[in-house]
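Peer 1: Would you be able to build a 3D model of this:
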Amino acid sequence: MEVDLLTLLILSGVALLAGIVDSIAGGGGLITIPALLATGMPPTMALGTNKLQSSFGALAATLYFVKRGLIDLASMRLAIVCTFAGGVLGTILVQQLDPSFLSKLLPLLLAGFALYFLFSPRISDQDSHQRISSLSFALVIGTTVGFYDGFFGPGTGSFFAIAFVSLLGFGMAKATAHTKLLNLTSNLASLLFFAIGGQIVWSIGFSMAVGQYIGGRIGSGLVVSKGVKLIRPLLVCISIVMCIRLLWQDHPQWFSWITG
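Peer 2: Numbering: from 1, shown residues only. Reported below is the predicted structural model:
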């Protein structure tokens with residue numbers, strides 16, 4: 001698939017913005033996937049290309065968080081393995097089954113996430129009481145959320161963030177940092193199988209990767225400098241926007257009053 005230079009530059013700018021948003025609160029796909037679909041590429045190819053470019057934003061954020069000491073890689077080794085395995089299984093299964101049934105459940109979950117991030121007293125920059133072991137977290141959360149990301153995807157960052165905060169007791173900045181690490185892991189698992197299936201437009205993906213990497217670096221810096229003051233409202237907003245988008249997609253008649 002060929003696109004002109006101006007289109008590549010616009011897509012790179014879109015990816016930069018998405019990288020900033022994604023590294024703070026997730027949901028960057030809300031920006032990049034519509035832009036990729038607007039080029040005329042098929043949906044599966046848009047998803048595969050999106051995984052390529054978004055992996056660079058997650059990589060930039062993860063490297064920055066590791067450098068700043070917000071990620072303990074040693075304690076996350078099993079979670080990384082489980083998340084990767086879950087992502088592989090989800091990506092394989094989505095090629096056999098229709099994931100649309102998840103779109104009916106997800107808006108309710110996202111609305112719940114928004115309320116939790118908005119009102120929970122556990123949302124702060126300070127660590128709190130850990131409720132489950134790291135082993136249980138890796139096996140249950142890493143595997144299931146990794147599987148979900150490979151199978152469907154929207155809201156993965158919210159799933160990981162709420163799990164790190166509510167189950168491991170992480171502060172918001174630390175939870176966001178570890179969320180990007182596991183997001184990167186599940187992205188790479190899905191990317192591998194999209195590449196094998198020939199579902200990636202490499203020229204567009206790598207052009208957008210430049211913007212994603214820069215955006216991921218900017219956003220991760222804002223996480224460290226602003227902390228919960230920035231992350232909480234963005235997580236709430238992203239969750240609500242994803243909720244509305246999915247409802248609009250499945251029930252457009254509910255929004256007929258907007259379109260007239």
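Peer 1: what's the closest non-adjacent residue to G221?
Peer 2: The shortest distance from G221 to any non-neighbouring residue, by Cβ to Cβ, 6 or more residues apart in numbering, is to Y64 (6.8 Å). All C-beta spots, glycine's among them, are computed from the backbone N, C-alpha and C.
Peer 1: how about that neighbour, what does it touch?
Peer 2: For Y64, the contacting residues are G216, R217, S220, G221, V224, by Cβ atoms under 8 Å, 6 or more residues apart in numbering.
Peer 1: mind listing what T62 touches?
Peer 2: Contacts of T62 were listed using Cβ under 8 Å, 6+ apart, and they are I71, A177, K180, L181, L184.
Peer 1: Over to V224?
Peer 2: V224 is in contact with Y64, F65, R68, L70, A173, counting by Cβ under 8 Å, 6+ apart.
Peer 1: ok, of those, which come out buried?
Peer 2: Among the contacts of V224, those classed as buried by 16 or more other Cβ atoms under 10 Å are Y64, F65, L70, A173.
Peer 1: now those in CSV, with secondary structure, pLDDT and distance to I141?
Peer 2: Formatted as CSV, the entries for the buried ones among the contacts of V224 read as follows, by DSSP: H, G, I helix; E, B strand; the rest coil; pLDDT from 0 to 100; distance: Cβ to Cβ, whole Å:
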residue, secondary structure, pLDDT, distance to I141
Y64, helix, 96, 23
F65, helix, 95, 19
L70, coil, 92, 19
A173, helix, 90, 19
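Peer 1: want to throw the residues you listed into TSV with distance to G86?
Peer 2: What follows is these, written out as TSV (distance: Cβ to Cβ, whole Å):
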residue	distance to G86
Y64	25
F65	22
L70	23
A173	25
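Peer 1: between the contacts of V224, which is nearest I24?
Peer 2: The closest of the contacts of V224 to I24 turns out to be A173 (Cβ to Cβ; 10.1 Å).
Peer 1: From what I see, that closest one and S225 are in contact.
Peer 2: No: assessed by Cβ atoms under 8 Å, A173 is found out of contact with S225, at 9.6 Å.
Peer 1: where's G198, which helix or strand?
Peer 2: With elements delineated by DSSP states H and E, G198 resides in a region that no helix or strand encompasses.
Peer 1: ok, H251 - how many residues close by?
Peer 2: H251 has 12 neighbours, counted by other Cβ atoms under 10 Å.
Peer 1: for it, phi and psi?
Peer 2: phi -130, psi 70 (degrees, to the nearest 10).
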